[in-house]
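Enquirer: Have a look at this prediction, sequence included:
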Amino acid sequence: MKFKRGSGAGGDGFARILANTGWLLGGKGVGAVLSLAYLAIVTRTLGVADFGRFALVLSAANVIKTLVSFDSWQIVVRYGQTHLADGNGDAVNRVLRFCILIDLASALAGGLIAALILLLFGDLLELGPGMGWQVWLFCMVMMVTIRSSPTGVLRLFDRFDSAAVAETMIPVGRMAGAAAALALIPTITGFLIAWGAAELLCAASYWWLALRVGGSRIGSWRAGRALDARRENPGIIGFLTATNLQTTLTSMGQQVAVLIVGGFVGPAGAGLYRLANQLANALTKISGLLSRSIFVELSRTQSSHGAEALDALFRRTSRLALLAGAVIITLILTIGRPLLGLVAGDDFLPAYPLLLLLGIAACVDLIGVSYRPLLMATDRAGLSLRITFIATLLLLCLQAALLPLYGTKGAATANVVAALAGFAMMSLASRGAVRARKPD
């Protein structure tokens, strides 16, 4: 599919959002089905306490990865579009290599942070003897499989279908790995190996597809220095910093929550909380998928069309998100408890109230999914970052206050309150951004 400058007007842009989200949703749909299967294997094999320890390891690795990684795919899309429209493939390549350098530096920093955390706080995770090196190696695999740069190439060329295929490798790899671990190494170690292998498979798939799709259109890999991208793309460092901090704050608020819960109520409570959070996220994956598609189209509309086209596209995507949120809330209310029992067994049924609360919070985020992409596309990344910081700080403060009083239900309630506060602030900011672009 060839890139066409100016192709993001109203209806066409909305149609592409639906098509691209459909591709992503198809891949995630496969992942959601497989995730129910491999979650069933892991929970029933490890039990509540060991699954809680496994959940703490995954959360710690994800916290580190989120802390050091950048959403460099947004840089490839945002700045690559202009160079691609001008036929300057070499400039696109410099942007891509600049992002690769960032990803490599992130991996190195993540490995050092993981080692430091394990040395200083390893006992708090209650991993057991001999697990420290295994956890560090797993964290390193998570670091080196950061795949934001090839993701940007695929989205730059509207190849969401290829991205969906690559992303499907994670649940496919986890499913195969979980089955192998069940047969050969039915322990935390076995499942960590399975999860790490799935990450490697996904990263390899992303790069193979990105290089195949980009081909000669992404220029020569020897054309100039990667660091020249800073000079050729004014504002790239500020945009990079804002997107990184925003993603870090959003994801860390969720991952740190599991670690906080584990610190207050132990591995078993953390396991219940993570399971509920994972099931809720499986039902609300469309939020992240819509956000990625919306950002690409809003960026094009912002640069190539007027304020009316931007406003029309924003309103249509907002209505779609509202409908999707209502449907998912209904699903959680009707099938959430049976689904929880089917996947994890009766021992995990106490997690249903958490599933309900975390599902509501995730749906609030889904309903406001158009807000952040709009602010990013209209050069208000700093405002979006400030709102995200306030919402994340509110989440962590509420968890610290409610956990001692109400346990895991208090932590889940904090997610709902923080989501509502973030929604209100993002809504006001987004509507202000649209009004500011309209002519007097």
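Expert: Structure received.
Enquirer: low pLDDT regions in the stretch 1-150 of the chain?
Expert: Confidence mapping of the stretch 1-150 of the chain against pLDDT under 70 gives the ranges 1-32, 121-131.
Enquirer: hey, where'd the helices end up in it?
Expert: Along the stretch 1-150 of the chain, the segments classed as helices by DSSP state H, counting those that start in this stretch run 10-68, 72-85, 89-121, 132-144, 148-156.
Enquirer: Likewise for the stretch 301-440 of the chain?
Expert: Using DSSP H, counting those that start in this stretch, helices in the stretch 301-440 of the chain cover 307-344, 352-367, 371-377, 381-406, 408-437.
Enquirer: Just put the ones you listed in a markdown table and tack on mean neighbour count.
Expert: Quick note: C-beta positions are derived from backbone N, CA and C, even for glycine. Rendered in a markdown table, the data for the helices of the stretch 301-440 of the chain read as follows (neighbours: other C-beta atoms under 10 Å):
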| stretch | mean neighbour count |
| --- | --- |
| helix 307-344 | 18 |
| helix 352-367 | 24 |
| helix 371-377 | 26 |
| helix 381-406 | 18 |
| helix 408-437 | 19 |
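Enquirer: do you know which of those lies nearest residue 139?
Expert: Closest of the helices of the stretch 301-440 of the chain to residue 139 is helix 381-406, at 22.3 Å (criterion: C-beta to C-beta).
Enquirer: what about the closest one, average pLDDT?
Expert: The predicted model assigns helix 381-406 a mean pLDDT of 85.
Enquirer: Quick check: which helices or strands does it pack against?
Expert: helix 236-283, helix 371-377, helix 408-437 (3 or more C-beta pairs under 8 Å, 6 or more residues apart in numbering; DSSP states H and E).
Enquirer: Relative to the whole chain's centre, how far out is it?
Expert: 18 Å (C-alpha atoms, centre = their mean, to the nearest Å).
Enquirer: number of nearby residues for the closest residue in space to residue 45 that isn't next to it in sequence?
Expert: Nearest non-adjacent residue to residue 45, counting by C-beta to C-beta, 6 or more residues apart in numbering: residue 186, 5.1 Å away. Number of residues near residue 186 (other C-beta atoms under 10 Å) recorded here: 15.
Enquirer: same deal with the one 5 residues further on?
Expert: The criterion is other C-beta under 10 Å. On that basis, residue 191 has 28 neighbouring residues.
Enquirer: Surely it is in contact with residue 46?
Expert: Yes - taking contacts as C-beta atoms under 8 Å, residue 191 lies within contact range of residue 46: 7.4 Å.
Enquirer: Can you check which residues contact both of those two?
Expert: Common neighbours of residue 191 and residue 46, using C-beta atoms under 8 Å, 6 or more residues apart in numbering, are residue 54.
Enquirer: follow-up on the earlier one: closest one to residue 151 among the helices and strands packed on helix 381-406?
Expert: helix 236-283 (12.9 Å).
Enquirer: so what's residue 80 up against?
Expert: Contacts of residue 80 (C-beta under 8 Å, 6+ apart): 92, 95, 96, 152, 156.
Enquirer: again, only using 10 Å
Expert: Residues near residue 80 by C-beta atoms under 10 Å, 6 or more residues apart in numbering: 3, 73, 88-89, 91-96, 99, 152-153, 155-157, 214, 218, 233.
Enquirer: same question, residue 87
Expert: residue 217.
Enquirer: Tell me which of the helices of the stretch 1-150 of the chain approaches residue 417 most closely.
Expert: Using C-beta to C-beta, those put helix 10-68 closest to residue 417, at 21.3 Å.
Enquirer: so what's the residue nearest to residue 45 up against?
Expert: 41, 42, 45, 46, 178.
Enquirer: now the helices and strands packed on helix 381-406 in CSV, with distance to residue 316?
Expert: Shown next, in CSV, are the helices and strands packed on helix 381-406 (distance: least, C-beta to C-beta, whole Å):
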stretch, distance to residue 316
helix 236-283, 23
helix 371-377, 12
helix 408-437, 13
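Enquirer: Now the weakest link among those helices, please, by mean pLDDT.
Expert: helix 236-283 (a mean of 70).
Enquirer: if I read this right, residue 341 contacts residue 348, doesn't it?
Expert: Yes - counting by C-beta atoms under 10 Å, residue 341 touches residue 348, with 7.7 Å between them.
Enquirer: Pull the number of nearby residues for residue 103.
Expert: 20.
Enquirer: The one 4 residues further on now?
Expert: The number of residues packed near residue 107 is 18, by other C-beta under 10 Å.
Enquirer: residues in contact with the spatially closest residue to it that is not a sequence neighbour?
Expert: Residue nearest to residue 107 in three dimensions, not counting chain neighbours: residue 143, with 3.9 Å by C-beta to C-beta, 6+ apart. Residues in contact with residue 143 (C-beta under 10 Å, 6+ apart) are 61, 64-65, 68-69, 103-104, 106-114, 199.
Enquirer: and residue 143, how far is that from residue 278?
Expert: Residue 143 sits 22 Å away from residue 278, going by C-beta to C-beta, to the nearest Å.
Enquirer: Once you drop chain neighbours, what's closest to residue 414?
Expert: Nearest non-adjacent residue to residue 414, counting by C-beta to C-beta, 6+ apart: residue 398, 3.5 Å away.
Enquirer: That neighbour contacts residue 361, doesn't it?
Expert: No - counting by C-beta under 10 Å, residue 398 stays clear of residue 361, with 11.5 Å between them.
Enquirer: Now the common contact residues for these two.
Expert: Common neighbours of residue 398 and residue 361, using C-beta under 10 Å, 6+ apart, are 413, 414, 415, 416, 417, 418.
Enquirer: Excluding covalently adjacent residues, which one is nearest to residue 233?
Expert: Closest to residue 233 by C-beta to C-beta, 6+ apart is residue 79, at 4.5 Å.
Enquirer: so residue 272 makes contact with residue 55?
Expert: Yes - between residue 272 and residue 55 a contact is recorded at 9.1 Å, counting by C-beta under 10 Å.
Enquirer: Residue 136: neighbour count?
Expert: 18.
Enquirer: Kindly provide the distance from it to residue 106.
Expert: With distances taken as C-beta to C-beta, residue 136 is found 17 Å from residue 106.
Enquirer: likewise residue 85?
Expert: 29 Å.
Enquirer: Comparing these two, which shows the higher neighbour count?
Expert: Shown here are residue 85 and residue 106; by other C-beta under 10 Å, residue 106 has more neighbours (22 against 15).
Enquirer: OK, contacts around the more buried one?
Expert: By C-beta under 10 Å, 6+ apart, the neighbours of residue 106 are 64, 65, 67, 68, 69, 70, 72, 143, 144, 146, 148, 244.
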